[in-house]
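**Q** Provided below for reference: sequence and predicted model.
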Amino acid sequence: MEDIKDCSIIKIKDSVDLFLNDDHYLMVYYMNTRQRKSFRINDSMVNLLQTIDGKKSVKEIVDIMLNEHEVEEEQTRSVIEMLYSHKILTPVMTEQSFLTAEEVDRYTRQINYFSEFSGSEIDGLKAQKKLFDSHIAVFGCGAVGGNIAVQLAMAGVGSFTLYDDDFVEVSDAARHIYYDENSIGEKKVNALKRELLSINSKINVETVDNYMHPDSDVNSIITDSDFIINTLDEPYIGYTSAKISRLCVKHNKPHYIAGGFDAHLASTGELIIPYITPCVECYASHFKVALKDWKPKKHPVIDRFRDIGGLASMSLFSSSFASIEIVKYLTGITDINQSFKIRGEFLFHDMSLKYLNLRKDPDCKVCGKGAPE
Ligand SMILES: [Zn+2]
C-alpha cells in the first residue's frame with residue numbers, strides 16, 4: 001500500500017458502487033470499466049465500510065474498529081489493503097502540487113474516470129497532468145482534424161500546432177461544429193485557434209498557414225510534438241499520410257491518420273505507434289497485395305468533379321473515436337500496445353463497424369527489418 005499511510009484519509013472511490021446481497025456478499029460494480037466482483041462479507045466488514053467516510057485517516061479507522069467493534073488492528077489493516085488492491089478505495093487527495101484546485105474541479109469527472117483504470121485518485125490526477133503537458137500537432141483542420149483538436153482541448157491538452165492553408169467555405173458551416181457563418185472567408189487555422197481558446201484560454205496554440213508541398217519541411221513540428229494527427233487531404237491524403245507517417249516513425253512519434261473521407265465514409269482511423277502498430281507503409285503494402293487482381297477499367301465519364309457525401313455526424317464519429325484512442329495513449333491509463341484497434345469503417349446503413357485484419361509488416365521498409373537504421 002505505497003500510497004496509503006496511517007495519516008492518509010481514505011474513501012470508497014466515486015466510480016465504484018457497492019451493494020449488499022443477503023448480508024453475506026458485497027457486490028462491487030465498477031461503473032467506468034463495467035466490471036463486477038463479489039466478496040463474502042461479515043458484520044465487521046460492514047462496520048468498516050460505514051466507517052470509511054472520506055474524512056477519517058487509516059489510523060482513526062483502525063482505532064474505531066478496535067474500540068467500538070473489537071476488531072483487531074491487523075485484521076482491519078488487511079481488509080483495507082484488500083479493498084485498496086481491488087481498486088475499491090483510494091486515498092483522498094488533500095494536498096498536491098501538480099494541479100490547482102480549479103483544475104481538479106474542472107476535470108473532476110475525467111479524473112474520476114482515469115482513476116478507475118489506473119488505481120488511486122492520485123493516478124487519475126497524474127493522467128490529467130499528462131494531458132496538460134501534451135503538445136499535439138494537427139495537420140489539416142477540416143471536419144475530422146478540427147473536431148479531434150476541439151475534443152482534445154476539452155480534455156485538457158495544453159498545446160497545439162495547427163497546420164492548414166485553407167479558408168472556411170459556406171459548406172464548412174454545415175459540416176463542422178466549430179465553423180459558423182461568421183467564420184466564412186477566414187483562414188481555418190485562425191478560426192479553429194479562436195475556438196480552442198474559447199474552450200480554454202490558458203492553452204498554447206501555434207498556427208502554420210502553409211500548403212503541404214513535397215519539399216515542405218515539417219520535421220521541427222513533428223519533433224516538437226508528443227503526438228501528431230494527419231487529416232490533410234491536399235494534395236491528397238495518401239501523399240500527406242505517407243510523408244508524415246514516415247517522418248513520425250523516423251522520430252519515434254505516435255500519430256493518427258484520420259482523414260480521407262473520399263475513400264471511406266466514417267473511418268476509425270489508424271493509430272500508429274512506431275514499431276508496434278502497422279505504419280502507413282504497412283497499410284499500403286497490405287492493399288497492394290489485397291488488390292493485386294483488381295484491374296481498373298477505363299472511366300466511362302471523363303473530367304468529372306465529385307464531392308463525396310457524408311454527414312457531419314459521421315465525421316464527428318470518426319473524430320470522437322480517434323480522440324478516445326489518443327487520450328488513452330497520452331494518459332497511459334490502459335496498455336494501448338495490447339488493445340489498439342486497426343483501421344475500421346462505420347457503415348451508415350446497418351450501423352456496423354468493421355475492422356481490417358492487419359498486423360505490422362515485419363519487412364516494412366519504413367518500420368520493419370528493411371527500415372534504415
Ligand atoms: Zn510499416
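**A** Cool, the structure landed.

**Q** C-alpha from now on. contacts and neighbour counts both.
**A** Noted.

**Q** the residue lying closest to N21 once chain neighbours are set aside: helix or strand, and which one exactly?
**A** Among residues not flanking N21 along the chain, M27 sits closest, at 6.8 Å (C-alpha to C-alpha, 6 or more residues apart in numbering). According to DSSP states H and E, M27 maps onto strand 25-30.

**Q** the helix or strand that that strand is followed by vs strand 25-30, what angle?
**A** Following strand 25-30 in sequence order, the next helix or strand is strand 35-40 (DSSP H and E). Strand 35-40 and strand 25-30 are oriented at 160 degrees to each other (axes from the mean of the first three to the mean of the last three C-alpha atoms, to 10 degrees).

**Q** now do the strand holding M27: which elements does it pack against?
**A** Secondary-structure packing of strand 25-30 (3 or more C-alpha pairs under 8 Å, 6 or more residues apart in numbering; DSSP states H and E): strand 16-21, strand 35-40.

**Q** quick check, the residue nearest to N21 in contact with V16.
**A** No - M27 lies out of contact with V16 (C-alpha atoms under 8 Å); the separation is 10.2 Å.

**Q** could you dump the helices and strands packed on strand 25-30 to CSV with distance to F321?
**A** Shown next, in CSV, are the helices and strands packed on strand 25-30 (distance: least, C-alpha to C-alpha, whole Å):
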stretch, distance to F321
strand 16-21, 25
strand 35-40, 22
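
**Q** of these, flag the one that's most buried.
**A** When the helices and strands packed on strand 25-30 are scored by mean count of other C-alpha atoms under 10 Å, the highest mean neighbour count falls to strand 16-21 (a mean of 15).

**Q** how about the lowest-mean-pLDDT helix or strand in the chain: buried residues?
**A** Among the helical and strand segments of the chain, the one scoring lowest on mean pLDDT, DSSP states H and E is helix 336-339, with a mean of 73. By neighbour count with 16 or more other C-alpha atoms under 10 Å, helix 336-339 contains the buried residues I336.

**Q** ditto for stretch 199-211
**A** Result for stretch 199-211 [16+ other C-alpha under 10 Å]: buried residues 200, 203, 205, 207.

**Q** wait, which of the residues you listed is closest to S183?
**A** Nearest to S183, judged by C-alpha to C-alpha, of the buried residues of stretch 199-211 is T207 at 16.3 Å.

**Q** identify the bridge partners of the closest one.
**A** Beta-bridge pairing for T207 (DSSP bridges): L162.

**Q** enumerate every residue touching it.
**A** Contact partners of T207, counting by C-alpha atoms under 8 Å, 6 or more residues apart in numbering, are 161-163, 189-190, 193.

**Q** redo that, cut-off 10 Å
**A** 137-138, 160-165, 188-190, 192-193 (C-alpha atoms under 10 Å, 6 or more residues apart in numbering).

**Q** also near the ion: which of those residues, exactly?
**A** The subset of the contacts of T207 within reach of the ion, by C-alpha under 5 Å from the ion, is empty.

**Q** assign the residue nearest to D361 when sequence neighbours are not counted to helix, strand or coil.
**A** Ranked by C-alpha to C-alpha, 6+ apart and with sequence neighbours excluded, the top spatial neighbour of D361 is C282, at 5.5 Å. For C282, the assignment made with DSSP: H, G, I helix; E, B strand; the rest coil gives helix.

**Q** in this structure C282 contacts R359, no?
**A** Yes - the criterion here is C-alpha atoms under 10 Å, and C282 meets it with R359 at 8.2 Å.
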